[in-house]
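Colleague: the following comprises the amino acid sequence and a computationally predicted model.
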Amino acid sequence: MNLFNKLPGFVQSPPGLEHRIWKRLPSILLWGSLLPVALSLLNRLLAWADPLFAGDERVLLQWDYMMVGLMLLHGMLVLTVGLGCFIVRVMKGPAYVADAYPLPDEGTEQ
């Protein structure tokens, strides 16, 4: 018994924009996560070079928290776009036939 019976004669849609986005999502996630880390490190290095600003740890910590929040937001956005791409890819895939369900005759009245 075959669990997945493909619908005969179904024409599968070609991949479109969702396929290109799906392939780029790992690099988008990587670069979008590395950029806030690089900005945070750069901020720390520049603050360390300036002796007047180095003592204000509260401002540096707030910047770090904003960068962590930006990374989390970016990750959630990438996850949302990835879920949308996955749904479109599944919907464009082959059609399957479920088990047959015999319908009652329309002419018979009960």
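Modeller: Cool, the structure landed.
Colleague: now the helices: where do they sit in the protein?
Modeller: Using DSSP state H, the helices of the chain run over 17-49, 57-91.
Colleague: could you dump the ones you listed into JSON lines with distance to Asn5 and mean neighbour count added?
Modeller: Yep, even glycine has a C-beta here, placed from its N, CA and C like the rest. Below are these laid out as JSON lines (distance: least, CB to CB, whole Å; neighbours: other CB atoms under 10 Å):
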{"stretch": "helix 17-49", "distance to Asn5": "26", "mean neighbour count": "13"}
{"stretch": "helix 57-91", "distance to Asn5": "17", "mean neighbour count": "13"}
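Colleague: of all those, which lies closest to Lys6?
Modeller: Closest approach to Lys6 among the helices of the chain (CB to CB): helix 57-91, 14.3 Å.
Colleague: nearest to Leu7, of the helices of the chain?
Modeller: That would be helix 57-91 among those, by CB to CB, at 13.8 Å.
Colleague: picking that back up, between the helices of the chain, which one is closest to Pro8.
Modeller: Checking those against Pro8 by CB to CB gives helix 57-91 as the closest, at 19.2 Å.
Colleague: so how far is the closest one from its chain's centroid?
Modeller: 9 Å (CA atoms, centre = their mean, to the nearest Å).
Colleague: need the helices of the chain in JSON lines (columns: distance to Leu3).
Modeller: As requested, the helices of the chain are exported to JSON lines (distance: least, CB to CB, whole Å):
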{"stretch": "helix 17-49", "distance to Leu3": "26"}
{"stretch": "helix 57-91", "distance to Leu3": "16"}
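Colleague: so which of those helices is nearest Ala98?
Modeller: In terms of CB to CB, the element of those nearest to Ala98 is helix 57-91, at 16.0 Å.
Colleague: show me what that closest one is packed against.
Modeller: helix 17-49 (3 or more CB pairs under 8 Å, 6 or more residues apart in numbering; DSSP states H and E).
Colleague: so which elements touch the helix it packs on?
Modeller: Under the contact criterion of 3+ CB pairs under 8 Å, 6+ apart, helix 17-49 touches helix 57-91.
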